[in-house]
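K.L.:
here's a sequence, model it:
(2 chains)
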2 protein chains.
Amino acid sequence: MGNVKTIEIHEDIFADNDRTAEEIRRKLRTQGTFFLNVMSAPGSGKTTLLTVLINRMKDSLHIGEMDVDIETAMDAQRVADRTGTVSLQIHNGGLCHIDADMVSRALQEYDTAGFDLLFLENIGNLVCPAEFDTGAHKNIMLFSVPEGDDKPLKYPLMFQVCDLVLITKTDTLEYFDFDMALARERIRQLNPGAVILPVSARTGEGMDAVIRWILDCRSQILADNTF
Amino acid sequence: MGNVKTIEIHEDIFADNDRTAEEIRRKLRTQGTFFLNVMSAPGSGKTTLLTVLINRMKDSLHIGEMDVDIETAMDAQRVADRTGTVSLQIHNGGLCHIDADMVSRALQEYDTAGFDLLFLENIGNLVCPAEFDTGAHKNIMLFSVPEGDDKPLKYPLMFQVCDLVLITKTDTLEYFDFDMALARERIRQLNPGAVILPVSARTGEGMDAVIRWILDCRSQILADNTF
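P.N.:
This is a model prediction of the structure:
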């Protein structure tokens, strides 16, 4: 009878990924770059939100942006066109997520040395991206009013791994059957520590609060000497 | 030096899946059950659409419904409550898709013998479910106005594998910057054979056309002796 060796591939993959993610976090923090991973379902408004945020902050901070898509460079191009940023489009070969190794390879191509702030616009998907640490210092998710207030119940892991949950497209609240108090309560049950902010890129609602959150977190991360 | 055997796991997985999917299609066709797989991003309106369709067709057809979610039985319960259908909730263990083997196991638990029509409400995700043949006779996808007209460019495989593309929530067109002609053109370029129907569960727009499409396809599939 032969020898059988069993390896737990999934654990290895995640352990490797977590190590790479820690290296990314440390490297970027050391160079003064605060790295934010932005996740959501398709069409929740990631590109529009990033465009607004970058335009509001670019006079005081040097900002980079990386965009993950299966195909096209539309989103990176949109952000670059509307903000003047030099964006990087990452094609992930048809995968449903991006992991720390892919981010690490992207960072070899993208000169981030002078960035105060770096955004990663993840692929539009509420399932898979939540499973992979990208090396970001903080995770943000967008959850749009038209998607419905039941989404925290259906995609719990995504809501659990995010530090900031933005309820987007609030200008359409009158059009949809969306219970804001219930949505907040469902998020809190999954993730009591999450900051929840209702926003609208169209009316500007909530943008000041998002910028304040980003600047506060950036100061905390850059002052943190424990990693 | 030891022996090394390399197996192409992905190819095997997909080949096995396709065989199982063919068996499901043949079995259901033989018993007179037309099987439809319904896919979309989170919050595009799958549950609402199925509720409306089942209520409109249930007097003339015996209809079953299976619902895939990571957690909760909310969607299956909603459909059952609103239509009187006996629905089956499938929990897929946190995965981002459902494959033919999972459907096959679900069909062992769910008595479909008397069904004229069987819906599968897939998990809300525009990436992974497109890769796995579920054994359905036809694929339907929903793509909602609030998600934006660029989605075909960003998630091409999903638009390529679907026979019917429903552009949902058309009652909100005045609220969103959505170019219907451009959306249609982008879908056609990816999938010239797809039927495209704008619908609104709220106003009822397009529902007659959807039902006609389902009934026509059902007749064709049940008359087809080639598989």
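K.L.:
from here on, contacts and neighbour counts on C-alpha atoms
P.N.:
Fine.
K.L.:
mean confidence (pLDDT) on stretch A:62-79, please.
P.N.:
Taken as a whole, stretch A:62-79 carries a mean pLDDT of 90.
K.L.:
same question for stretch A:160-177.
P.N.:
The pLDDT scores in stretch A:160-177 average 97.
K.L.:
hmm, it touching chain B?
P.N.:
Yes. Against chain B, stretch A:160-177 shows contacts by C-alpha under 8 Å from any C-alpha of the partner chain at A:Thr172, A:Tyr175.
K.L.:
A:Val195: how many residues sit nearby?
P.N.:
Neighbour count for A:Val195, taken as other C-alpha atoms under 10 Å in any protein chain shown: 17.
K.L.:
again, but for A:Gln31
P.N.:
Neighbourhood size, A:Gln31 [other C-alpha under 10 Å]: 14.
K.L.:
how about it: what's its closest non-neighbour residue?
P.N.:
Nearest residue to A:Gln31, sequence neighbours excluded (C-alpha to C-alpha, 6 or more residues apart in numbering or on different chains): A:Ala113, at 6.5 Å.
K.L.:
C-alpha coordinates for the least confident helix or strand in chain A by mean pLDDT, CSV please?
P.N.:
Across the helices and strands of chain A, the lowest-confidence element by mean pLDDT, DSSP states H and E is helix A:9-30, at a mean of 85. C-alpha atoms of helix A:9-30 as CSV (Å, rounded to 0.1, in the frame of the first residue of the first chain):
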residue,chain,number,x,y,z
ILE,A,9,-4.8,23.4,-0.1
HIS,A,10,-7.4,25.9,0.9
GLU,A,11,-5.7,26.6,4.3
ASP,A,12,-2.3,27.0,2.6
ILE,A,13,-3.7,29.4,0.0
PHE,A,14,-5.3,31.6,2.6
ALA,A,15,-2.2,31.4,4.9
ASP,A,16,0.1,32.5,2.0
ASN,A,17,-2.4,35.2,1.1
ASP,A,18,-2.5,36.6,4.6
ARG,A,19,1.3,36.7,4.8
THR,A,20,1.5,38.6,1.5
ALA,A,21,-1.3,40.9,2.6
GLU,A,22,0.7,41.8,5.8
GLU,A,23,3.8,42.5,3.7
ILE,A,24,1.8,44.9,1.5
ARG,A,25,0.3,46.6,4.5
ARG,A,26,3.6,47.1,6.2
LYS,A,27,5.4,48.3,3.0
LEU,A,28,2.7,50.9,2.1
ARG,A,29,2.4,52.1,5.7
THR,A,30,6.2,52.6,5.9
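K.L.:
and chain B, is it touching that?
P.N.:
No. Using C-alpha under 8 Å from any C-alpha, helix A:9-30 never reaches chain B; the gap is at least 13.2 Å.
K.L.:
what is the rounded mean pLDDT of the helix or strand where A:Arg56 lies?
P.N.:
When elements are assigned from DSSP states H and E, A:Arg56 belongs to helix A:46-57. The average pLDDT within helix A:46-57 is 96.
K.L.:
quick one: contacts for the nearest residue to A:Arg29 once chain neighbours are set aside?
P.N.:
Leaving out its chain neighbours, the residue that sits closest to A:Arg29 by C-alpha to C-alpha, 6+ apart is A:Leu222, at 5.9 Å. Going by C-alpha atoms under 8 Å, 6 or more residues apart in numbering or on different chains, A:Leu222 touches A:Arg29, A:Thr30, A:Gly32, A:Phe34.
K.L.:
helix, strand or coil for A:Leu222?
P.N.:
Following DSSP: H, G, I helix; E, B strand; the rest coil, A:Leu222 is assigned to helix.
K.L.:
can you check A:Gly43 too?
P.N.:
Once three-state DSSP is applied, A:Gly43 turns out coil.
K.L.:
what about it, distance to B:Ile98?
P.N.:
Distance check for A:Gly43 against B:Ile98: by C-alpha to C-alpha, to the nearest Å, it reads 23 Å.
K.L.:
more neighbours: which of these two?
P.N.:
A:Gly43 (26 against 23).
K.L.:
so the more buried one sits against B:Ser144, correct?
P.N.:
No. A:Gly43 is beyond contact range of B:Ser144, at 9.1 Å (criterion: C-alpha atoms under 8 Å).
K.L.:
quick one: the residue nearest the centre of chain A from chain B, how far?
P.N.:
With distances taken as C-alpha atoms, centre = their mean, the residue of chain A nearest its centroid is A:Val38 (1.6 Å). Distance from A:Val38 to chain B, counting by C-alpha to the nearest C-alpha, to the nearest Å: 17 Å.
K.L.:
assign that residue to helix, strand or coil.
P.N.:
Going by three-state DSSP: A:Val38 is strand.
K.L.:
can you pull the contacts of it?
P.N.:
Applying C-alpha under 8 Å, 6+ apart to A:Val38 gives the contacts A:Lys46, A:Phe119, A:Leu120, A:Glu121, A:Asn122, A:Asn139, A:Ile140, A:Met141, A:Leu142.
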